[in-house]
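Colleague: Give the three-dimensional model of this entry:
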Amino acid sequence: MEMLSLIIPCYNEEQVLPILYEELKKVASEMKDNSFEFIFVNDGSRDNTLSVIKGFEDDSRVKYISFSRNFGKEAAILAGLDAAEGDYVAVMDADMQDPPSMLPEMIAAIKEQGADSAATRRISRTGEPPIRSFFANLFYKILNKTSGLNVMGGSRDFRLMKKEMVDAVRELPETDRFSKGLYEWVGFKTVWLEYKNVERAAGVTKWSFIKLFKYAVNGIVSFTTAPLKLATLLGILSVAAAAVWTVVDIVRATLYGSWIVGLDPVIIAVLAVGGIIMLLLGIIGQYLSHIFNEVKGRPEYIVKESNVYKK
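Modeller: Predicted structure coming up:
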């Protein structure tokens, strides 16, 4: 009998976890050809998330990993991948926006199409602010255009993988992880399953616009050096514009005997050049921060307590 490991990162999800657990038990009872382990990763929650998870421990399938603090969703996913022992491993959100009822379809898709992974993508963003949807779509276009990857627009973290693919993802040593990009980078055949957006079953989202923006920047910086090339181009254009402007002023002064009157052109030039310089420094700073994080070699997460054997 093949085992299916379910990894559920949790951050302040005490309200929705009982609902999710009941749904997981229901799906598992219907999938009689598979055994299960439910790996809940408590990512430094400040509410009673850990206590709720421990309340499920009478079920031998339930395992938990609790961090010493909040290390972020990517660290929680990695911890789950490190602990998973199943022949198939699935990552899913705790908020029920990743429907557990899709698991049988995902396994069937892998087996029938000879794939290594079954990934999901939303074909609608009902209930999501339009501005957020716009920037999400823009992010995927920029990432794919500059990195050479093919991260599907609307893709979710909800994904089922064979153990071989999981091992390949785990072997990647980087600290600033962007799993959606890593899944594409390691290769392997993936089939995509579509579904309409599902509202959160309880609680509130932990992803603010600022957090999503930082996550997007991390994804772009992790997989492409295009921003550095853009910085170089902007620098060249800035120098060229200054040279042209100087020549124009010299010609005007020669023909008309006077320079431009007033400070407006000077102020505009200073602001423009200053803005470009700050932009370039910001881009370079992003890459330096990634290098800084990588060379420190700190662990991606620290486990405070767990009922899982730590590999």
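Colleague: how close does the residue nearest in space to the middle of the chain sit to Ala119?
Modeller: For the chain, Phe178 is the residue whose C-alpha lies nearest the centre (C-alpha atoms, centre = their mean; 4.7 Å). According to C-beta to C-beta, to the nearest Å, Phe178 and Ala119 sit 15 Å apart. In this view, the C-beta of every residue, glycine as well, is placed from N, C-alpha and C.
Colleague: coming back round to it: close enough to count as contact, the residue nearest to the centre of the chain and Gly72?
Modeller: No: the criterion here is C-beta atoms under 8 Å, and Phe178 misses it with Gly72 at 11.2 Å.
Colleague: where are the low-confidence patches of the stretch 101-250 of the chain?
Modeller: Applying pLDDT under 70 to the stretch 101-250 of the chain picks out residues 124-149, 151-154, 197-209, 211-223, 225-226, 228, 242, 249.
Colleague: And the strands in it?
Modeller: With strands called from DSSP state E, counting those that start in this stretch, the stretch 101-250 of the chain shows them at 117-122, 155-162, 190-195.
Colleague: Those strands: which one's closest to Val52?
Modeller: Comparing these against Val52 with C-beta to C-beta, the closest turns out to be strand 155-162 (21.1 Å).
Colleague: rewinding a little: would you tell me which of the strands of the stretch 101-250 of the chain gets closest to Val91?
Modeller: Once the strands of the stretch 101-250 of the chain are compared by C-beta to C-beta, strand 155-162 is nearest, at 5.4 Å.
Colleague: If you count contacts, what does that closest one end up packed against?
Modeller: strand 88-91, helix 103-113, strand 117-122, helix 179-185 (3 or more C-beta pairs under 8 Å, 6 or more residues apart in numbering; DSSP states H and E).
Colleague: for these, which one ends up most surrounded?
Modeller: Greatest average neighbour count among the helices and strands packed on strand 155-162 goes to strand 88-91 (a mean of 26), per mean count of other C-beta atoms under 10 Å.
Colleague: mind listing the helices in the stretch 201-311 of the chain by residue range?
Modeller: Secondary structure of the stretch 201-311 of the chain (DSSP state H, counting those that start in this stretch): helices at 209-223, 226-256, 264-296.
Colleague: how many degrees apart are the second one and helix 264-296 in direction?
Modeller: Going back to what we said before, that points to helix 226-256. 160 degrees (axes from the mean of the first three to the mean of the last three C-alpha atoms, to 10 degrees).
Colleague: buried ones in helix 226-256?
Modeller: Ala226, Pro227, Ala231, Leu234, Ser238 (16 or more other C-beta atoms under 10 Å).
Colleague: before we move on, back to that, need the strands of the stretch 101-250 of the chain in a markdown table (columns: distance to Leu172).
Modeller: Formatted as a markdown table, these follow (distance: least, C-beta to C-beta, whole Å):
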| stretch | distance to Leu172 |
| --- | --- |
| strand 117-122 | 15 |
| strand 155-162 | 14 |
| strand 190-195 | 17 |
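Colleague: Out of those, the one nearest Ser51 is which?
Modeller: Nearest of the strands of the stretch 101-250 of the chain to Ser51, taken as C-beta to C-beta: strand 155-162 at 24.8 Å.
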